[in-house]
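Novice: sequence first, then the predicted structure:
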Amino acid sequence: MDETRQRLTNCFQVVFPDLPQEAIATASTATVAAWDSVAAITLMNVIEDEFGFEMDLDDLADLDSFEKLYAYLQKRHRVA
Amino acid sequence: MTITEALRITQSVPRDARPFAVTLVCGFTPLHLQTFLGAHLQQALPDRKVTITLGLYGNLVGTLESISDAALPDALVIALEWPDLDPRLDYRGAGSWGATAVNDIVVSARSMLDRIAAALLRIPSGPRTALSLPTLPLPPLFHTPGWQASQHELALQSSVMRFAADIAQEGRIAVINRQRLAEQSPAAGRLDLKSDLYTGLPYTIEHAERLASQLALVLAPPAPKKGIISDLDDTLWSGIAGEVGPDVVTWDLASHAQLHGLYQKLLGSLADSGTLIGVASKNDPAVAAKAFERKDLLLRPEQVFPIEVHWNAKSGSVARILETWNIAADSVIFVDDSPMELAEVAAAHPGIDCVLFPKSDYQAGLAMLRQLRDRCGKERISKDDALRLESIRQGAAFREQASGGATPESFLQQLGAVVTFDFAAAGEPRVLELVNKTNQFNLNGGRYTQPDWQKLLSSPGALLVAVSYEDKFGPLGTIAAIAGHADGKRLTIETWVMSCRAFARRIEHQTLKILFETTGASEIGFRFTTTAKNGPLRDFFTTLLGEEPQSEFRLTRSQFEAKCPALYHEVREMRRAEPHG
């Protein structure tokens, strides 16, 4: 597992402590009942803490799965 | 604290910890405030599991009005914001901002504040309640440019301040200090407009964290320090009295020594509130005494006791002062201008709070004065606070006479001691304060929140006795409390504390005697637990039982009577309790 994926997994563990480790990589708003609009904001804040940059609320609606967040982070990483 | 840290703190609590239920009442989505409040409270209450329930979105007053006796939380937090007073003050609202609207907003805000005040005052006493006044900037709806306050804005602010003053006067609700919050969370950094408009979360993360921190301090404040031990030269005053002379040391503005004067004034004010003030100084005793005779001293000499002035190590002075006060080092602050003296005292008295007096750094000096106020400040002053220093002086005289040749029996006989038992003291704040701060004569170290305490006292068969004492040396005030349950003639004591100021007077024996007599119990059960500090209570029961108690135990009346020494008190009974259940 690359470093970004591992750090993102850690973020999910903090926000969704009841989510099994093996379910994180496939997690999405459709599969995780606790991932509501409030949890989405908390997840965004935790990712900001972990990666040290600010995310835009405009992007929030599209970032509805682990994979999309991972792709977003990789893109941000490349730009940075 | 970051969001991640806050979440980790709240998730690390054992699931079976005793719950501490908080209701957070506000009109907005308080996601970050809730997360941080939970974490800060969790840190302050490590043996509890903090849970936070939210009120209705957009209906602060409705939530307050719906709170009933049936489901009172342990604590209540009200985070008031401008939109709660009138929806036209909401950035998310659609209402007009015209001149007519502004006049109407002022009127409707006043009316809403009256309604909120009525709802707040109707909430039964019990939950610890914290109120934060509007923290976000008002929208730019007034006709004046932003650098000038409009009369309407001032009228709104004035209504809020009048509301807060009335609420604070009532005494049950603690209002967040806006000035302190403004220092920690500058106004310009509080509102996240995009977040407010997109998601209904108006607070920036930083503001939510700082407000939550202050709310948690109000709900679960640290125990105030009980005493301050101060150095003299270049601390209580500017200059070395032994070198320049006691008449030449200064603490005034003209001598550029006002920081020392402010320090004296602060100590005097703290002494008036019941904080003990002592002196530990390496000095010539005669010189220091001369300085204390000066009429312009801002700290009155009678507010200071004891004064340890000699050339020996200060750690020894501190030890004697702690012994006279009969309190532990971790309840005390030691102030000195010398880092070396602070280190010497800190090494000898682990837990003591050592504070450097920054004699030439005025900003640091102001920070120190505020730090002392924060650590010793109290929410309310009781009549026992005013008695504390005098009773310690009397205690010193008591011990001196007790060890001065007369037999203990003849000494106790001549005391003229009066012990008063109050069986209806449930509403006295001093009793819970005593329970929550007493360490040495303490049955089990149990601490209670106000709601827990009320639950204990309102359960069937509950019994609470507050004990006051006075003798020829003067009154000690309310010095003990005992609480438990009576079930027929079976009596179980859950809590028993007695101030260390009242030791060696056989008050604890008299208390048990009265309990056996008034309840008719043939034995009393004690929910005893050994703590790191309750040795004096353990020793007392070891004498009665013939062995050291290890856990919960029962004491029979005959066991007690066989070991009870002669008692010479006059006993008075103040009030009888109404029976519960």
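Specialist: Looks like it came in fine. Numbering: from 1, shown residues only, chains lettered A, B, ... in the order given.

Novice: A strand includes residue B:307, no?
Specialist: Yes. Under DSSP: H, G, I helix; E, B strand; the rest coil, residue B:307 sits within a strand.

Novice: is the closest residue to it other than its chain neighbours bridged to anything, and to what?
Specialist: Nearest-residue entry for residue B:307: residue B:279, 4.4 Å, with adjacent residues in sequence omitted and distances by Cβ to Cβ, 6 or more residues apart in numbering or on different chains. C-beta here means a position set from N, CA and C on the backbone, and glycine is covered the same way. Residue B:279 has these beta-bridge partners by DSSP bridges: residue B:230, residue B:307.

Novice: contact residues of chain A facing chain B?
Specialist: Residues of chain A lying near chain B by Cβ under 8 Å from any Cβ of the partner chain: A:11, A:14-15, A:17, A:37-38, A:41-42, A:45-46, A:49-50, A:57.

Novice: ok, back up a step: from residue B:251, how far off is the residue nearest to residue B:307?
Specialist: Residue B:279 sits 15 Å away from residue B:251, going by Cβ to Cβ, to the nearest Å.

Novice: and the helices in chain A, which stretches?
Specialist: For chain A, the helices defined by DSSP state H occupy A:3-15, A:21-24, A:37-51, A:57-60, A:66-79.

Novice: deepest of these, which one?
Specialist: helix A:37-51 (a mean of 19; mean count of other Cβ atoms under 10 Å in any protein chain shown).

Novice: got a list of contacts for that helix?
Specialist: Residues outside helix A:37-51 that contact it (Cβ atoms under 8 Å, 6 or more residues apart in numbering or on different chains): A:7-8, A:10-12, A:14-16, A:29, A:35, A:54-55, A:57, A:60, A:63-64, A:69, A:73, A:76, B:2-5, B:7, B:29, B:31-32, B:35, B:199, B:201, B:205.

Novice: try it again with 6 Å
Specialist: Outside helix A:37-51, the residues that touch it by Cβ atoms under 6 Å, 6 or more residues apart in numbering or on different chains are A:7, A:11, A:14, A:15, A:54, A:55, A:60, B:2, B:3, B:4, B:31.

Novice: how many neighbours does the fifth one have?
Specialist: Neighbours of residue A:54 under the rule other Cβ atoms under 10 Å in any protein chain shown: 9.

Novice: ok, now which ones touch it?
Specialist: Counting by Cβ under 6 Å, 6+ apart, residue A:54 touches residue A:48.

Novice: any stretches of the chain with poor pLDDT?
Specialist: This is for chain A. For chain A, the stretches flagged by pLDDT under 70 are A:1, A:78-80.

Novice: wait, chain B was what I had in mind.
Specialist: For chain B (pLDDT under 70), the answer is B:402-408, B:575-581.

Novice: the longest strand in it is where?
Specialist: Across chain B, the longest stretch assigned as strand under DSSP state E is strand B:474-487.

Novice: partners of that one, with directions?
Specialist: strand B:462-471 (antiparallel), strand B:490-498 (antiparallel).

Novice: residues in contact with the residue nearest to residue B:307?
Specialist: Contacts for residue B:279 (Cβ under 6 Å, 6+ apart) come out as B:230, B:304, B:307.

Novice: for the second one, which non-adjacent residue is closest in space?
Specialist: The spatial neighbour of residue B:304 that comes closest, neighbours along the chain excluded (Cβ to Cβ, 6+ apart), is residue B:277 at 5.0 Å.

Novice: over to that neighbour: give its phi and psi.
Specialist: phi -120, psi 120 (degrees, to the nearest 10).

Novice: who's in contact with it?
Specialist: Residue B:277 makes contacts with B:228, B:267, B:271, B:303, B:304, as judged by Cβ under 6 Å, 6+ apart.

Novice: residue B:246 versus the closest residue to the third one other than its chain neighbours, what's the distance?
Specialist: Pointing back at residue B:271 there. Nearest in space to residue B:271, with sequence neighbours left out and distances taken as Cβ to Cβ, 6+ apart, is residue B:303 at 3.9 Å. The gap separating residue B:303 from residue B:246 is 18 Å, by Cβ to Cβ.

Novice: more crowded one of these two?
Specialist: Ranked by neighbour count (other Cβ under 10 Å), residue B:303 and residue B:246 place residue B:246 first, with 21 against 18.

Novice: what residue in the stretch 151-300 of chain B comes nearest to chain A?
Specialist: Nearest residue of the stretch 151-300 of chain B to chain A: residue B:198, at 4.8 Å (Cβ to the nearest Cβ).
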